[in-house]
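Student: generate a structure from the sequence data that follows.
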Amino acid sequence: MTSATPAVIALLVGSAIAIAGLVPWAALQYRRRGTLGVGNAVLAFATVVYGLALVTYTLLPLPDTSEVAAICRAASGPQLTPFAFVGDIAKEGGLSGPRSLLANPAAAQVVFNVILFVPLGMLVRHVFLHGRFLAGVVVGTVAGFLVSLLIECTQLTGDWFLYPCSYRLFDVDDLLANTTGALVGTLVSPVLWVLVRHRGEPSSDLPRRVTIWRRGFGMFCDLLAMVLTTGALVSITSLSFALAGQDLNSTLARVLLATLPFVAPAVQLVVVLASGRTLGEAVVRLRPEPRPTAWQRLVRWAAGSGGWATATAAALPFTGLLAFALAVAAVIGLFATRGRRGFANVLARVDVVDERIEPPGASEER
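Tutor: Okay, the predicted model is just below:
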C-alpha cells in the first residue's frame with residue numbers, strides 16, 4: 001500500500017458521490033420542479049460534503065505500509081457485546097450532568113456516533129419518503145443500519161482485504177449508536193422542507209429564463225463530470241498497478257495514464273455530436289437553437305468544456321495556455337453574450353434556450 005492510497009480512495013469516493021449523486025439529482029430536480037432552487041442547491045452541496053466527511057471519518061487516515069505489521073500484532077478482535085460502552089463510560093469517571101457527556105471520552109464517542117448518522121436519516125426520508133411518516137422512519141432507520149454495517153464490515157475486513165488485518169475496531173455499539181442517529185434523523189427530517197420548499201412556482205412544464213446561475217450550473221456539471229471521471233479512471237488504474245506490484249514508471253503504465261485523460265472529452269464529443277448538447281445542458285434543460293449542424297456541434301465542443309479538457313489532457317506548453325484562454329472566454333461569455341449563450345455558442349452561431357420552448361415550425365408540423 002503506497003502513501004498516496006488515502007488520497008486515491010478519497011478521490012474515488014468523492015467522484016462516485018459527485019457523479020453518481022449530484023448531477024443526476026440536479027437533473028431530477030429540474031424535471032420535477034422546473035428549476036433547482038437555492039435551497040436544493042445548498043442541500044445537494046451539503047449532501048456531498050456529508051458523504052465525504054462520513055467516509056473520511058470512518059476509513060481515513062489509512063496506515064502506512066511500514067505500520068501494518070505493528071498494527072496487525074496489536075489488533076484485537078471485534079467488540080460484539082451490546083452496551084459495553086456503559087462500562088467504558090463508568091471507567092472514565094461516569095456521568096454527572098449534561099456537560100459530562102462531552103467531558104467523558106467514552107460518552108462523547110457515543111454521542112458523536114449518534115450525531116454522525118442523523119443527517120443520513122434526514123436525507124433518506126426527505127428524498128424518498130417525504131410525507132409518509134411510518135415508511136420514512138422505517139426505511140431511514142434501516143438505511144442507517146445498513147450503511148453502518150457496511151462501514152463496520154469494511155473496518156473488520158481491513159478495507160475488504162486490502163490490508164492483512166483490521167486496522168480499526170468492529171464495534172457493535174457503534175452500529176447501535178449509528179442506527180439510533182438515523183432514527184433521530186428521520187424524526188427531525190421535516191425541517192428540511194423549510195429549506196427546499198417552493199412557494200408559488202409555475203408548473204415544471206413551463207419554460208424558464210436562461211439565467212447566469214442556470215448556465216453556470218450546467219457548465220459546472222460538464223466540468224465536474226469530466227474532471228472527476230478522469231480522476232477516477234487515473235486513480236483506479238494507478239491503484240491497480242500498485243496492488244499488482246507493477247512499476248508506474250513502466251512504458252505500459254505511462255502510456256495508459258497519459259491516454260486516460262482523453263477519455264472523458266472523447267465521450268463528451270460523442271454525446272454532443274449525437275444529441276447536439278452537452279450533459280450539463282441536458283441537466284438544466286437547455287438546448288441550442290436552431291438545431292446545430294455537424295460543424296456547429298463540433299465547434300460547440302471544441303470551444304467549450306470539451307476543448308478545455310482536451311487541451312488540459314495534452315499537457316503541452318501551448319495547450320496549457322489554450323486551456324486557460326478557453327476557461328477565461330467561457331466565464332466572460334457567460335456574462336457578456338446575448339441570452340447567456342456563451343463563447344462557444346457565439347462561435348457556432350447558435351443561441352441557448354429552454355428545452356420546453358417549441359422549435360420554430362413545430363406547431364405547423366402538428
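
Student: who touches the helix or strand encompassing Leu176?
Tutor: Using DSSP states H and E, Leu176 sits in helix 172-188. Under the criterion CB atoms under 8 Å, 6 or more residues apart in numbering, residues 78-85, 110, 113-125, 136-137, 140-141, 143-145, 147-149, 151-152 lie in contact with helix 172-188. Every C-beta, even on glycine, is put in place using the N, C-alpha and C of the backbone.

Student: can you select the buried ones from the residues you listed in PyMOL?
Tutor: In PyMOL syntax, the buried subset of those is picked out as below (16 or more other CB atoms under 10 Å):
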select buried, resi 85+110+113+114+116+117+118+119+120+121+122+123+124+125+136+137+140+141+143+144+145+147+148+151+152
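
Student: and the helices in the stretch 1-150 of the chain, which stretches?
Tutor: All helices of the stretch 1-150 of the chain, identified by DSSP state H, counting those that start in this stretch, fall at 5-17, 23-33, 38-59, 65-74, 85-91, 100-103, 105-116, 118-129, 133-156.

Student: same check on the stretch 251-366 of the chain?
Tutor: Ranges of helices in the stretch 251-366 of the chain, per DSSP H, counting those that start in this stretch, are 251-259, 263-275, 279-283, 294-302, 305-314, 317-336, 343-348, 362-365.

Student: what would those look like in a markdown table with distance to Ala70?
Tutor: What follows is those, written out as a markdown table (distance: least, CB to CB, whole Å):
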| stretch | distance to Ala70 |
| --- | --- |
| helix 251-259 | 31 |
| helix 263-275 | 40 |
| helix 279-283 | 47 |
| helix 294-302 | 53 |
| helix 305-314 | 41 |
| helix 317-336 | 44 |
| helix 343-348 | 55 |
| helix 362-365 | 71 |
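
Student: quick one: which of the helices of the stretch 1-150 of the chain is nearest Ala313?
Tutor: Ala313 lies closest to helix 5-17 among the helices of the stretch 1-150 of the chain, at 16.7 Å (CB to CB).

Student: about what we covered before: make a markdown table out of the helices of the stretch 1-150 of the chain and add distance to Pro190 and mean pLDDT.
Tutor: Converted to a markdown table, those look like this (distance: least, CB to CB, whole Å; pLDDT from 0 to 100):
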| stretch | distance to Pro190 | mean pLDDT |
| --- | --- | --- |
| helix 5-17 | 25 | 54 |
| helix 23-33 | 18 | 75 |
| helix 38-59 | 14 | 74 |
| helix 65-74 | 44 | 68 |
| helix 85-91 | 30 | 86 |
| helix 100-103 | 26 | 78 |
| helix 105-116 | 18 | 89 |
| helix 118-129 | 8 | 86 |
| helix 133-156 | 9 | 89 |
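
Student: deepest in the core, which of those is it.
Tutor: helix 118-129 (a mean of 22; mean count of other CB atoms under 10 Å).

Student: which regions of the stretch 251-366 of the chain lie under the pLDDT threshold?
Tutor: For the stretch 251-366 of the chain, the stretches with pLDDT under 70 are 360-366.

Student: please redo it, this time with the cut-off set to 80
Tutor: For the stretch 251-366 of the chain, the stretches flagged by pLDDT under 80 are 315, 317, 358-366.

Student: returning to that earlier point: for Asn249, which of the helices of the stretch 1-150 of the chain is the nearest?
Tutor: Evaluated over the helices of the stretch 1-150 of the chain, closeness to Asn249 peaks at helix 5-17, with 17.2 Å, by CB to CB.

Student: report the buried residues of the longest helix along the chain.
Tutor: The residue-count maximum for a helix in the chain (DSSP state H) belongs to helix 212-243. Across helix 212-243, burial judged by 16+ other CB under 10 Å covers 214-235, 237-239, 241-242.

Student: domain assignment for the chain?
Tutor: 5-196, 212-365 (automatic domain parsing).

Student: for Arg31, give its distance to Leu123.
Tutor: 20 Å (CB to CB, to the nearest Å).

Student: over to Ala182?
Tutor: 10 Å.

Student: Trp308 too?
Tutor: As judged by CB to CB, Trp308 and Leu123 stand 33 Å apart.

Student: just Gln268 next, same as before
Tutor: Gln268 is 30 Å from Leu123, by CB to CB.

Student: in contact with Gly333, which residues?
Tutor: Going by CB under 8 Å, 6+ apart, Gly333 touches 341-344, 346.

Student: looking at these, which one is closest to Gly320?
Tutor: Of all the contacts of Gly333, Gly320 sits closest to Phe343, with 18.5 Å by CB to CB.

Student: hang on, the closest one packs against Ala302?
Tutor: No: assessed by CB atoms under 8 Å, Phe343 is found out of contact with Ala302, at 11.3 Å.

Student: Serialize the domains of the chain to CSV and add fields for distance to Asp205.
Tutor: Converted to CSV, those look like this (distance: least, CB to CB, whole Å):
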stretch, distance to Asp205
domain 5-196, 7
domain 212-365, 6
